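Student: Quick one: sequence plus predicted model below, questions after.
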Amino acid sequence: MYFHLEADPAVHGEPVIAEPAKYAELRRAPLDALPRPLLWYTEIGVELYRSGRVYAALDWPVGSDGPR
């Protein structure tokens with residue numbers, strides 16, 4: 001699931017890496033300059049956001065790593 005939100009750092013604070021053993025860095029990137037490669041399901045989420053669609057369902061077969 002993906003959620004679109006807007007947060008005000010003055011109210012909510014700056015984002016932090018809560019699991020530093022798993023992630024090397026946290027950065028903001030414009031939608032047209034995202035770091036590559038993206039995970040396939042992240043790419044789908046970005047494209048849904050760009051298109052304005054609010055819902056999509058994917059077939060994710062048991063025993064696979066997902067649709068391609």
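Tutor: On my side now, so go ahead. Numbering: from 1, shown residues only.

Student: Show the model's pLDDT score for P20.
Tutor: In this prediction, P20 carries a pLDDT score of 93.

Student: burial measure for it, as a count.
Tutor: A count of nearby residues for P20, using other CB atoms under 10 Å, gives 10. Every residue, glycine included, has its C-beta placed from N, CA and C.

Student: now E43
Tutor: Other residues near E43 number 13, with proximity taken as other CB under 10 Å.

Student: Let's verify it: helix, strand, or coil?
Tutor: Secondary structure of E43, reduced to three states by DSSP: H, G, I helix; E, B strand; the rest coil: helix.

Student: Return the distance of it relative to P15.
Tutor: Separation of E43 from P15 (CB to CB, to the nearest Å) stands at 22 Å.

Student: any idea of the pLDDT on the one residue sitting closest to the centre of the chain?
Tutor: A centroid search over the chain (CA atoms, centre = their mean) returns T42, at 4.9 Å, as the residue closest to the centre. The model reports T42 with a pLDDT of 87.

Student: so who does it touch?
Tutor: Contacts were defined as CB atoms under 8 Å, 6 or more residues apart in numbering; by that measure T42 touches no other residue.
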